[in-house]
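*Asks:* Here's my sequence, what's the structure:
(2 chains)
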Amino acid sequence: MRVLGFLLIGLFSSTATQALPEFGVVEKRDWSFEVIGAVPVQGGGRVKPLDSFAREAAVFVTGRTTYEGWHPIDLVLSFVTNPDYWRDQRIIKVRHKDVKKQLLLDGDRIDYSPQELFSNSVVGQYASEMMTGETQAVVPGEMKQNPRENDLKQLIQKIFVFRQIITGEAWLVFPSSNPSETAEVWGSLERLKTNEPQEIGSPEALYKQLITAYLKKDEASFNKVSLEIAESVGARAESQQPGVMGKVKAEAFYNRFKPYQWTWILYLIAGLLLLAAFVWKPEEMTKLAWAGLTILILGFCMNIAGMAVRTYIAGRPPVSNMYESVVWVGFGTVFFGLIIYAFKRNLVLPMTVALLASLTLLVGDSAPAVMDPSIQPLVPVLRSNLWLTVHVLTITISYSAFAVAFGLGVVTVFYFIKNNGALSGIRKQVDSMNDLIYRAIQIGVVLLAAGTILGGVWADYSWGRFWGWDPKEVWALIALLAYLAVLHGRLTGWVGTFNFSVLAVVSFLTVIMAWYGVNFILGAGLHTYGFSAGGFSTVCAFVGAVTLYVGYAYLLVLRQRDKKSN
Amino acid sequence: MKKFFKLVYQILISLKLAVVVILTLAAVQAVATVIESVYSTKAAHYWVYGTVFFDGLLFLLGLNIFFVATSRYPWKRRHGPFLMAHVGILSLLFGSVLTQKTGVDGNLIASEGETASRIQFDSTVLSASKGHLVETVPIKWQAPLPSWMEWFAPLRKQRIRLKEFDLEVTDFIPHAEPIHDFEKWNPDSKTQRKVAPAVRFKLKGGPLPFSKKFWLWAGVAEWASLDFGPARFDMLPKGVPARQYAELPLTDRMGRFFFEPLADGGLKYYIVSKKGVRPGEVKPGKVKGTTIDLGWMGMQLEVLEFFPDSVNVSQYEPARNQKGNDAPPSAIRVASLSDPKNFIWLGANDRGEIRNESGEKIKLLYGFRQIALPFGIKLEKFQIDHYQGTKNPAEYSSKVRVSTGEKLSDETLISMNEPLHHGGFTFYQASYIPGNPRPTTSVFTVNKDPGRELKYFGSLLIVFGAIWLFASKYIKNKKKRTQ
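*Replies:* Now for the predicted structure:
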């Protein structure tokens, strides 16, 4: 029997939306939004502060946390109070060429207004198609999708989300006082559209006051009402789900404080101080070096604190997405750097790891549209499983060990470049560096092997297959094999002193591929990577820089050898 | 000759071979992941993971490790960690071979209240039957060829024959799309096919423009009805009065429509709506082009084609979409060996009929390979929990009982990460089939893995061996330095 759900077509095409009252010129408010930001709302399957809701919405729709300098809360409040204005602003980006072609969009620009997309009949058709196939069963290992379809789906979701924000539907701000299984647990802002009188002091009435204060640009009363909302809604949310307010407050604080931003700043300062100390007196523990080390440890503590708060908020260890793994790898890099440093006092270690970790966290912090920093609930297969946690943490921390080897390799290659490609004169330094690299690679190999095997155990335990040639597992294996080849190659004598440092750098590219590439390049399909906005150009630049750097050093070394043989 | 063996032995015990094999493995796998990304998981298995070449590489790695390990005999204490890690790899490899050769890995699909006992696999088979005579042949999936490799096509053509039935599989399309078509039956044609009435129509007016044209054919159940949810259209075989069906309660549908072909070539129809049953009739010869008012939100039905006697001439062609895991499934063409013009196309899970020279019906099924379990799994209830306020599933689980003969076991819960073990098989909650208002069909992964213990044992050896190996080197270095 062929089943077609045609009634859903048309649901989407009606763009007329009843909106909340609106007036005035649309402009930014330079307020702090701190109080209202801590008010609990429901979204994406969990209760979170309004600040997180606004951030996620702003990033999802516009691709940036602060769209043209708008505070995210300001932006979403402006959306809901001035929908007609925002409908005509080009706030949604469509980058994928094929998607544009498919939607018959004007090809020369990448930013479109919601209205253009609402009135696009092709979008409507795809949206209805999407809705008919809404809940698709997920079979482990078969979650991959065509990149164009993915982008199209995401675009349609963006339009949906924008619509739901301007209609108030997305704002699940009213916790019901007596939730039962049938009634909705949280009511939306749409409730304000009815003309029924609201009980004075009820959340509904308070939100109405809030919006009025926002429109009148009355900051004082806006803050006053915010405080009242925080109290009344907070109390209800807490009675509905005891303990939730602690997490909401922690999350609001986390959003405001930005522990990871502090972490990379501290790492950067530490790295620069240590670099200065190292250039000045490499063999000695100067005051400068001590200062650098102290700041590095401070940053390390901040890194741990950030992860701890995030773990508390999410109720699970930080292993679910790229962003969390970036932070974790940054932590691991410093961790291994400090451990090896405890055994081998070489200033080059803390210096390298501080700069490397700073760079890692900076990258993680600066691309919210690529690496989603929001806290999301896990899909069923990944829920509450010890092995999952252990295996992901083990594999990603092995990347940290390889990152340390990479950083040390870069420094060692630099020695060669400085010495014009010759080994004589720097032998001692290079040998001690290679010794450190060897340690780091060993740690990485043991952890990657253990993590990959644990992954097999986890997959076997929950899916019934130890190994399924899934690209993610295969690339983890390829990285492992690459490093094993380096270690064995050194035993055979094929890999000499210079080559070992070079391979420590080059092998890290397999880690980049296993870590980033599988999700963002292979996952998106090789043939379209040019267009997808996945930070691909950044990674390409990184790979290119590494290749040039190593290639240049190689040329110098070859020239030295030629000289010698002449 | 002796020299040759010595050379081979020298190569096998060399570490350089290990480096070469490791690098080759890494490179080949990298290529496989690219194939998987561009084409599909199946294609990566077809071109790389499932090939003799890849097995050979792994075998060579195992052989190399084995020879390197034995060449160090008699072993000293310092060989301990090295042996441990490398015996671990051998054990892991051997366990994998056992899993591949003797293991079972398939799916079991069960609906609530139903007892399921057939495991379904990914691989396809063609089975033909005539009375008690049954023959089943495996059909190996072959990846689509990129255009620059088309010259390869004749070289890999499968020759599959059903000896008992004088039939042959003449074509295989890895990702196929059906071209549905029905044509008027020619009574003089020698080719024997199923004959049944067919109608082609389109819907006009109403709330939305519908450009699609639909076929209904009374020959098989899959083609006899078209269900949109709120509305349903049925084609009945000749001589079956539709009235009895039309008078059944509508339940929650907006309407139903029945076509009843008459013996004289005319067409009777019944439109069922909330208001009741409205019959109508069109005289023979005037059916084509008739427009019928349905009375549901101003919709009309236009008959585009009507054959009181028609045959299914649907074919398959390579689908436009040959890439990605969502590319459509395969199709085959089965033809009679003695009369190549007598053929039938079968898509995945299609049933069909073909007649042999003496006019006897041969039933065909192109489906997935299945095996029967010695017991059944009865699904009592499938449960799905969502994250608060969303449609995202947080957890799904199935309450099941194991049925052996007449006996039913106690109820057990299979949930994500909590499988059921019974009779050497393990049942995992894999997914479910979406349903309205709630899904009631659960999909389990069924698995039997005789290599499991070996793999686990090998894993332990590898990890602890590697730790020991690196730690002992560190200690050794330290000793050297202190001396």
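
*Asks:* check contacts around the residue in the stretch 351-483 of chain B positioned nearest to chain A.
*Replies:* With Cβ to the nearest Cβ, the shortest gap between the stretch 351-483 of chain B and chain A falls at B:Tyr387, namely 2.7 Å. Every residue, glycine included, has its C-beta placed from N, CA and C. By Cβ atoms under 8 Å, 6 or more residues apart in numbering or on different chains, the contact set of B:Tyr387 is A:Gly44, A:Gly45, A:Arg46, A:Pro377, B:Pro393, B:Ala394.

*Asks:* repeat that with 7 Å
*Replies:* Under the criterion of Cβ atoms under 7 Å, 6 or more residues apart in numbering or on different chains, the neighbours of B:Tyr387 are A:Gly45, A:Pro377, B:Ala394.

*Asks:* Nearest spatial neighbour of it, chain-adjacent residues omitted?
*Replies:* Sequence neighbours aside, A:Gly45 is the residue nearest to B:Tyr387 in space, at 2.7 Å (criterion: Cβ to Cβ, 6 or more residues apart in numbering or on different chains).

*Asks:* can you count the residues close to that neighbour?
*Replies:* 17 (other Cβ atoms under 10 Å in any protein chain shown).

*Asks:* That one and B:Val52, how far apart?
*Replies:* 48 Å (Cβ to Cβ, to the nearest Å).

*Asks:* before we move on, what about A:Asn223?
*Replies:* Distance from A:Asn223 to B:Val52, by Cβ to Cβ: 73 Å.

*Asks:* Which of these two has more residues huddled nearby?
*Replies:* Each of A:Asn223 and B:Val52 has its neighbours counted (other Cβ under 10 Å); A:Asn223 has more, 18 against 8.

*Asks:* The more buried one reaches A:Glu34, doesn't it?
*Replies:* No. Between A:Asn223 and A:Glu34 there is no contact under Cβ atoms under 7 Å: 8.5 Å.

*Asks:* still on that earlier bit, with the contacts of B:Tyr387 in mind, which one is nearest to A:Ile512?
*Replies:* A:Pro377 (28.4 Å; Cβ to Cβ).

*Asks:* For that closest one, list the residues it contacts.
*Replies:* So A:Pro377 contacts A:Gly44, A:Gly45, A:Arg46, B:Tyr387, B:Ala394 (Cβ under 7 Å, 6+ apart).

*Asks:* repeat that for 10 Å
*Replies:* Going by Cβ atoms under 10 Å, 6 or more residues apart in numbering or on different chains, A:Pro377 touches A:44-46, A:314-316, A:320, A:383, B:387-388, B:390, B:392, B:394.

*Asks:* ok, back up a step: state the distance from the residue nearest to B:Tyr387 to B:Gln388.
*Replies:* For A:Gly45, the distance to B:Gln388 - Cβ to Cβ - is 6 Å.

*Asks:* B:Gln300 too?
*Replies:* For B:Gln300, the distance to B:Gln388 - Cβ to Cβ - is 46 Å.

*Asks:* These two: which is more packed in?
*Replies:* Using other Cβ under 10 Å as the criterion, B:Gln300 and B:Gln388 rank with B:Gln388 on top: 20 against 15.

*Asks:* Which secondary structure state does that one sit in?
*Replies:* Under DSSP: H, G, I helix; E, B strand; the rest coil, B:Gln388 falls in the coil class.

*Asks:* now A:Asp372
*Replies:* Three-state call for A:Asp372 (three-state DSSP): coil.

*Asks:* Tabulate the contacts of A:Pro377 in CSV, adding columns for distance to B:Ala231.
*Replies:* As requested, those are exported to CSV (distance: Cβ to Cβ, whole Å):
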residue, distance to B:Ala231
A:Gly44, 36
A:Gly45, 35
A:Arg46, 40
A:Ala314, 46
A:Gly315, 46
A:Arg316, 46
A:Ser320, 43
A:Arg383, 40
B:Tyr387, 34
B:Gln388, 35
B:Thr390, 31
B:Asn392, 31
B:Ala394, 35
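
*Asks:* Strands along the stretch 351-483 of chain B, start to end?
*Replies:* Assigned by DSSP state E, counting those that start in this stretch, the strands in the stretch 351-483 of chain B fall at B:361-386, B:393-404, B:407-408, B:412-415, B:420-422, B:425-433, B:441-448.

*Asks:* Past the lowest-mean-pLDDT helix or strand in chain B, which element shows up next along the chain?
*Replies:* Lowest mean confidence among the helices and strands of chain B (mean pLDDT, DSSP states H and E): helix B:221-224, at a mean of 78. Downstream of helix B:221-224, the first helix or strand assigned by DSSP states H and E is strand B:225-227.

*Asks:* Just checking: what are the partner strands of that next one?
*Replies:* strand A:2-3 (parallel), strand B:231-235 (antiparallel) (DSSP bridges).

*Asks:* To A:Val334, which of those strands lies closest?
*Replies:* Closest among the strands paired with strand B:225-227, using Cβ to Cβ: strand A:2-3, at 55.7 Å.

*Asks:* average model confidence for that closest one?
*Replies:* Averaged across strand A:2-3, pLDDT comes to 32.

*Asks:* Now do the buried residues in the next helix or strand after that strand.
*Replies:* Per DSSP H and E, the first helix or strand lying C-terminal to strand A:2-3 is helix A:34-37. Neighbour counts over helix A:34-37 (16 or more other Cβ atoms under 10 Å in any protein chain shown) mark A:Val35, A:Ile36, A:Gly37 as buried.

*Asks:* how near is the single nearest residue of chain A relative to chain B to A:Asn150?
*Replies:* Here the residue of chain A nearest chain B is A:Gly45; by Cβ to the nearest Cβ that distance is 2.7 Å. Going from A:Gly45 to A:Asn150 by Cβ to Cβ gives 21 Å.

*Asks:* Please apply the same query to A:Leu447.
*Replies:* A:Leu447 is 32 Å from A:Asn150, by Cβ to Cβ.

*Asks:* Check A:Arg95 too.
*Replies:* In terms of Cβ to Cβ, A:Arg95 sits 12 Å off from A:Asn150.

*Asks:* The two: which has the busier surroundings?
*Replies:* Ranked by neighbour count (other Cβ under 10 Å), A:Arg95 and A:Asn150 place A:Asn150 first, with 18 against 14.

*Asks:* send the alpha carbons of the strand or helix carrying the more buried one over as CSV?
*Replies:* Element membership for A:Asn150, per DSSP H and E: helix A:147-167. Only the C-alpha atoms of helix A:147-167 are listed here, as CSV (Å, rounded to 0.1, in the frame of the first residue of the first chain):
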residue,chain,number,x,y,z
PRO,A,147,25.1,17.1,2.3
ARG,A,148,22.7,19.0,0.1
GLU,A,149,19.7,17.5,1.8
ASN,A,150,21.3,18.2,5.1
ASP,A,151,21.8,21.8,4.3
LEU,A,152,18.3,22.1,2.9
LYS,A,153,16.8,20.5,6.0
GLN,A,154,18.8,22.9,8.1
LEU,A,155,17.6,25.9,6.1
ILE,A,156,14.0,24.8,6.5
GLN,A,157,14.5,24.3,10.2
LYS,A,158,16.0,27.8,10.4
ILE,A,159,12.8,29.2,8.8
PHE,A,160,10.7,27.2,11.1
VAL,A,161,12.6,28.4,14.1
PHE,A,162,12.4,32.0,13.0
ARG,A,163,8.7,31.7,12.5
GLN,A,164,8.3,30.0,15.9
ILE,A,165,10.3,32.8,17.5
ILE,A,166,8.2,35.6,15.9
THR,A,167,4.9,34.0,16.7
